[in-house]
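Chemist: Would you be able to build a 3D model of this:
(one chain, ligands or ions: 3)
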Amino acid sequence: MRDWLIGFAVALVIFLAVIGINVLPVLLLIAVGFAIYTLMERRQMMAPTGSKETAVRHAINFDHIGGQDHAKRELMEALDFLRYREKIRSLGIRPLKGILLTGPPGTGKTLMAKAAATYTDSAFISASGSEFVEMYVGVGAQRVRDIFRRARQSARKEGKDSAIVFIDEIDVVGGKRGGHSHQEYDQTLNQLLTEMDGMQTTQSPMVLVIAATNRSDILDSALLRPGRFDRQIRVDLPDKDGRLHILRIQTKDKPLASDVDLEHIARESYGFSGAQLESLCNEAAIIALRDNSTQITQAYFRDAVDKVLMGEKTGRHPTSDELFRVAVHELGHAIASEMMRPFSVSHITIAPRGNALGFVRQIPETDGYLYTKEQLDQQVVVALGGAMAESLVFNNRSTGAQNDFLQASRIARTEVMCGLSRMGIVAEEHLPDGILDEEVRFILSEIEQRTREVLTPFAQDLHDYAQYVVATESIDGTEFREWLTECKDRFVSTSLPETYSVTTSEQLVEPSEITRLAN
Ligand code: ADP
Ligand code: MG
Ligand code: ZN
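Modeler: Ligands and ions are numbered 1, 2, ... in the order given. Sure thing, here's the model as predicted:
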C-alpha cells in the first residue's frame with residue numbers, strides 16, 4: 001500500500017511537470033505529508049516494539065512457576081494438542097478447545113496461562129470475567145466476540161498460528177444459568193459457548209481458551225461439557241517442596257545474606273500461596289531497605305512471615321500490665337506447644353500486629369491430610385495454654401482468650417463429628433439437640449485439666465520469664481527452648497513426673513506440620 005502510494009505520487013508529479021503545471025507547491029505538500037507520516041509511524045512503532053521487546057525478555061515460561069509439578073505436567077500434555085496439530089488432525093482427534101484451571105487465588109493460574117502461550121508460541125489475550133458484566137444487555141456478549149476477534153488478529157499480526165484467550169474469574173459469567181433476572185449473564189455465557197463451538201482444528205489461527213476460577217463448583221454444567229472446557233486442572237496451594245521452589249524463584253535476583261535458610265522459611269510458611277510467598281520475599285526486602293541493610297537476612301524474612309500472616313504492626317500501645325499478661329499468655333501457648341510437640345515453637349512475640357496483641361508462631365507439622373485424636377487433643381492443649389497460664393500466674397483470666405476458645409471448641413466439635421469422642425460414631429443430623437454441645441464441653445473440660453497439669457510445674461518460672469519477654473518483645477524458638485530445658489532440668493532434680501521427661505537428642509524429630517496460630 002505504502003509503496004503503491006509513493007509510486008503513484010512520483011508518477012503524478014512527473015505527469016504534472018510534463019503537462020507544464022508548477023510542481024513546487026505539490027512537492028512541498030508531499031514533503032510535509034511525508035514528514036508527518038514518518039513522525040507518526042515512529043511514534044506508533046516505539047510503543048509496540050518497546051512492549052514487544054519486554055514481552056520477549058520477560059516471557060513467562062514454566063520455569064518461572066514454582067511447585068505445581070502435577071498441574072504443569074498436565075497442562076503441558078494438554079498443550080501438545082496445539083503443538084502437534086498435524087498429528088492430532090491426521091488421527092481425527094477433536095481439537096482441545098478449553099482448559100479450566102481451578103484452585104485458590106494466588107497459586108499461579110495466570111502465570112500458567114502465560115507460560116502456556118510461550119510454550120505453544122501463541123498470541124496471548126487476557127480478560128477477566130468481571131469485565132463482561134455490564135448493566136446493558138448485549139454488551140457482555142459483544143465483548144466476548146471482541147476478545148476472540150482480537151485474539152485471532154494479534155496472532156496474525158505476530159505471525160503465529162495460534163492464540164490463547166485467558167479468562168480469569170470465569171465463575172462471574174459462567175455461574176449456573178437460570179431465572180430471568182440474569183439475562184445479561186446468560187447472553188454472555190451463551191456467546192462464549194457459541195465462540196467455543198465454532199472453533200475448528202482446521203481454522204488458522206487456532207484459538208484455545210484457558211479459564212481460571214476458584215469456584216468450579218458453581219460453574220454451569222454447559223461449560224464443562226466435552227468440546228468445551230474438557231480439561232480441568234487443579235492448581236493447589238504448594239506443599240513444602242513447592243514453597244521452597246517458589247521461594248528460590250522469587251529470591252533469585254535479591255541479595256540474600258549467608259544466614260538465610262530458605263528451607264526453614266518454606267517449612268514455616270505452611271498454607272502460603274505463591275502470591276503470598278512473593279509478597280513475603282518483597283516484604284523482607286522492604287524491611288531490609290528500612291533498616292538500611294544491603295542484604296536480606298533471615299531475621300527480615302521472619303518479620304516478613306509475621307507481616308504476611310498477621311498484618312502490619314499496629315500502633316497500639318498496651319499498658320505495661322497488659323504487656324505482662326500478654327507475655328504470660330503467649331508463653332502458656334508456647335510451653336504447651338513445646339511439651340506436646342518438641343521443636344514446634346518458631347518464635348514468640350508480644351508486638352501487636354493485626355488483631356492480635358501477641359502470638360506464638362509454630363513450625364507446622366508435615367503437610368498432612370489426616371489427624372489422629374491425639375493430635376487434635378494436643379492442638380486443644382496448645383489453644384487452652386494461654387488462658388491456663390493466665391489462671392496460674394494471676395489467678396484470673398482476661399478477654400484475650402476468646403479466639404483460643406473458639407478454636408478449641410471447633411477442634412473438639414471435629415472430634416465428635418469424626419467419631420473420636422466417647423459417643424463413638426455419630427451422624428450430625430440424628431444428634432438430639434444439645435448433645436453435641438454437651439460432648440464438646442466434656443472434651444474441653446477434660447483437656448483443660450490436662451493443660452493445667454502440663455503447665456503447673458512451670459508457673460513460677462513462667463512469671464519470671466514473662467518479665468524478660470516483656471523487655472525483649474520477641475523471643476526466638478531456640479532461645480525459648482534453652483530456657484524450657486533449664487526449667488525441666490530443675491524438675492528432674494526434684495522428682496519429675498513421667499510426662500515431663502526431658503527430650504534427649506534421639507528424640508529430635510523432624511518438626512512435623514499442623515498449622516495453627518496460637519494468639
Ligand atoms: P492466580 O492467577 O492463581 O490468582 P497468579 O498467577 O496471578 O495467581 O499469581 C500472582 C503472583 O504470585 C504471580 O505474579 C507470582 O509473582 C506469584 N506466584 C503465584 N504462584 C506462583 C508460583 N507457583 N511460582 C512462582 N510465583 C508464583
Ligand atoms: Mg490471577
Ligand atoms: Zn491465645
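
Chemist: list the contacts for residue 163?
Modeler: Counting by Cβ atoms under 8 Å, 6 or more residues apart in numbering, residue 163 makes contact with 122-125, 151-152, 154-155, 205-208. For the C-beta atoms, the positions are set from N, CA and C on the backbone; glycine is no exception.

Chemist: which among these end up buried?
Modeler: 122-125, 151-152, 154-155, 205-208 (16 or more other Cβ atoms under 10 Å).

Chemist: Okay, and which of these map to helices?
Modeler: Counting by DSSP state H, the buried ones among the contacts of residue 163 place 151-152, 154-155 in helices.

Chemist: what sits against the closest residue to ligand 1 within the chain?
Modeler: Residue of the chain nearest ligand 1, by Cβ to the nearest ligand atom: residue 274 (2.0 Å). Under the criterion of Cβ under 8 Å, 6+ apart, the contact list for residue 274 reads 65-67, 106-108, 111, 238, 246.

Chemist: okay, the residues you listed in JSON lines with secondary structure and neighbour count next?
Modeler: Formatted as JSON lines, the entries for the contacts of residue 274 read as follows, by DSSP: H, G, I helix; E, B strand; the rest coil; neighbours: other Cβ atoms under 10 Å:
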{"residue": "65", "secondary structure": "coil", "neighbour count": "24"}
{"residue": "66", "secondary structure": "coil", "neighbour count": "23"}
{"residue": "67", "secondary structure": "coil", "neighbour count": "24"}
{"residue": "106", "secondary structure": "coil", "neighbour count": "17"}
{"residue": "107", "secondary structure": "coil", "neighbour count": "28"}
{"residue": "108", "secondary structure": "coil", "neighbour count": "28"}
{"residue": "111", "secondary structure": "helix", "neighbour count": "19"}
{"residue": "238", "secondary structure": "coil", "neighbour count": "28"}
{"residue": "246", "secondary structure": "helix", "neighbour count": "30"}
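
Chemist: check those residues against ligand 1, which are close?
Modeler: 65-67, 106-108, 111, 246 (Cβ under 6 Å from any ligand atom).

Chemist: For stretch 82-98, which outside residues touch it?
Modeler: 78, 81, 119-120, 122, 162, 196, 199-202, 206-211, 223, 226-231.

Chemist: circling back to that earlier point, which one of the ones next to ligand 1 among the contacts of residue 274 sits closest to residue 279?
Modeler: Sorting the ones next to ligand 1 among the contacts of residue 274 by how near they are to residue 279, with Cβ to Cβ, puts residue 106 at the top with 8.8 Å.

Chemist: Now do the same contact list for that closest one.
Modeler: Here residue 106 is in contact with 273-276 (criterion: Cβ under 8 Å, 6+ apart).

Chemist: a markdown table for these, including distance to ligand 3, secondary structure and pLDDT?
Modeler: Shown next, in a markdown table, are these (distance: Cβ to the ion, whole Å; DSSP: H, G, I helix; E, B strand; the rest coil; pLDDT from 0 to 100):
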| residue | distance to ligand 3 | secondary structure | pLDDT |
| --- | --- | --- | --- |
| 273 | 25 | coil | 94 |
| 274 | 30 | helix | 96 |
| 275 | 28 | helix | 96 |
| 276 | 23 | helix | 95 |
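
Chemist: And these, which two are furthest apart?
Modeler: Comparing all pairs in the contacts of residue 106 by Cβ to Cβ, the longest separation belongs to 274 and 276, at 7.3 Å.

Chemist: Which positions in the chain make contact with ligand 1?
Modeler: Those residues of the chain that sit near ligand 1, judged by Cβ under 6 Å from any ligand atom, are 65-68, 105-111, 212, 246, 249, 274-275, 278.

Chemist: Just list the residues touching residue 244, thanks.
Modeler: Residues in contact with residue 244 (Cβ under 8 Å, 6+ apart) are 66, 262-263, 266.

Chemist: what about 7 Å?
Modeler: Residue 244 sits next to 262-263, 266 when contact means Cβ atoms under 7 Å, 6 or more residues apart in numbering.

Chemist: Whichever of these end up buried, select them in ChimeraX.
Modeler: A single ChimeraX command is used to select the members of those judged buried by 16+ other Cβ under 10 Å:
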select :262,266
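
Chemist: Out of the contacts of residue 244, which is nearest to ligand 3?
Modeler: Closest to ligand 3 out of the contacts of residue 244 is residue 266 (25.9 Å), distances taken as Cβ to the ion.

Chemist: Pull the contacting residues for the residue most central in space within the chain.
Modeler: The chain has residue 273 as the residue nearest its centroid, 2.5 Å off, counting by Cα atoms, centre = their mean. For residue 273, the contacting residues are 104-107, 237, by Cβ under 7 Å, 6+ apart.

Chemist: Disregarding residues adjacent in the polypeptide, which is nearest to it?
Modeler: Spatial nearest neighbour of residue 273, chain neighbours left out: residue 106 (3.7 Å); criterion: Cβ to Cβ, 6 or more residues apart in numbering.

Chemist: So that neighbour versus residue 235, what's the distance?
Modeler: In this structure, residue 106 and residue 235 are 10 Å apart, going by Cβ to Cβ, to the nearest Å.

Chemist: helix or strand for the residue in the chain that ligand 3 sits nearest to, which one?
Modeler: Scanning the chain for proximity to ligand 3 using Cβ to the ion identifies residue 386 as nearest, at 3.3 Å. Element membership of residue 386, judged by DSSP states H and E, is helix 373-394.

Chemist: following that helix, which helix or strand comes up?
Modeler: Scanning the chain past helix 373-394 towards its C-terminal end, the next helix or strand to appear is helix 402-417 (assignment: DSSP H and E).

Chemist: Dump the helix or strand following that following helix to CSV, keeping only the CA atoms.
Modeler: Once helix 402-417 ends, the next helix or strand along the chain (criterion: DSSP H and E) is helix 435-455. Backbone C-alpha positions of helix 435-455 (Å, rounded to 0.1, in the frame of the first residue of the first chain) are rendered in CSV as follows:
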residue,chain,number,x,y,z
ILE,A,435,-26.0,-33.4,72.9
LEU,A,436,-23.2,-32.1,70.7
ASP,A,437,-22.6,-29.1,72.8
GLU,A,438,-22.6,-31.2,75.9
GLU,A,439,-20.0,-33.5,74.5
VAL,A,440,-17.8,-30.6,73.3
ARG,A,441,-18.0,-29.2,76.8
PHE,A,442,-17.0,-32.5,78.3
ILE,A,443,-14.0,-32.9,75.9
LEU,A,444,-12.9,-29.3,76.7
SER,A,445,-13.1,-29.7,80.4
GLU,A,446,-11.0,-32.9,80.3
ILE,A,447,-8.4,-31.3,78.1
GLU,A,448,-8.4,-28.2,80.3
GLN,A,449,-7.4,-30.4,83.2
ARG,A,450,-4.6,-31.9,81.1
THR,A,451,-3.4,-28.4,80.2
ARG,A,452,-3.3,-27.5,83.8
GLU,A,453,-1.2,-30.5,84.6
VAL,A,454,1.2,-29.6,81.8
LEU,A,455,1.7,-26.0,82.8
